[in-house]
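Peer 1: what follows is a predicted structure for the sequence shown.
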Amino acid sequence: MHTTGAVGQSSIPERLILHRQSSTAGATVCCAVAITVLYGFATYGIHPGRQSPEERVLVDGPEE
């Protein structure tokens, strides 16, 4: 199942090309999910509804 033909065409198996395309698609989806989760953490914090560490320090004062 090798692609053969005129000079300059690749002899890479079609299976390898399809595997590479699916790997790239999988990596793209994984990165998109990770960026979305990190954006959510940055926007809402890990525990939504609770005070951020900065807000707790400003309300309670510095710990000594």
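Peer 2: Yes, it's here.
Peer 1: how about the secondary structure of R50?
Peer 2: Secondary structure, DSSP: H, G, I helix; E, B strand; the rest coil: R50 is coil.
Peer 1: okay, now it: neighbour count?
Peer 2: R50 has 10 neighbouring residues, counting by other Cβ atoms under 10 Å. Any C-beta I mention is one placed from the backbone N, CA and C, and that applies to glycine too.
Peer 1: can you check G26 too?
Peer 2: G26 has 10 nearby residues by other Cβ under 10 Å.
Peer 1: what pLDDT does G8 get?
Peer 2: G8 carries a pLDDT score of 54 in this model.
Peer 1: how about L58?
Peer 2: Confidence score, pLDDT, at L58: 84.
Peer 1: burial of it, as a residue count?
Peer 2: Neighbours of L58 (other Cβ under 10 Å): 11.
Peer 1: then Q51?
Peer 2: 13.
Peer 1: am I right that it is in contact with V57?
Peer 2: No: judged on Cβ atoms under 8 Å, Q51 makes no contact with V57 at a distance of 9.4 Å.
Peer 1: distance from the chain centre to the one helix or strand I35 maps to, please.
Peer 2: In this assignment (DSSP states H and E), I35 forms part of helix 14-44. Distance, stretch centre to chain centre, for helix 14-44: 5 Å (Cα atoms, centre = their mean, to the nearest Å).
Peer 1: give the buried residues for that helix.
Peer 2: For helix 14-44, the neighbour count (16 or more other Cβ atoms under 10 Å) marks no residue as buried.
Peer 1: send the alpha carbons of the helix or strand following that helix over as PDB?
Peer 2: As assigned by DSSP H and E, the chain's next helix or strand after helix 14-44 is helix 53-60. Output of helix 53-60 as PDB, limited to C-alpha atoms (Å, rounded to 0.1, in the frame of the first residue of the first chain):
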ATOM      1  CA  PRO A  53      -5.900  34.400  48.600                       C
ATOM      2  CA  GLU A  54      -5.400  38.100  47.800                       C
ATOM      3  CA  GLU A  55      -8.900  39.000  49.100                       C
ATOM      4  CA  ARG A  56      -8.300  36.900  52.300                       C
ATOM      5  CA  VAL A  57      -5.000  38.800  53.100                       C
ATOM      6  CA  LEU A  58      -6.700  42.200  52.500                       C
ATOM      7  CA  VAL A  59      -9.700  41.300  54.700                       C
ATOM      8  CA  ASP A  60      -7.800  39.500  57.500                       C
END
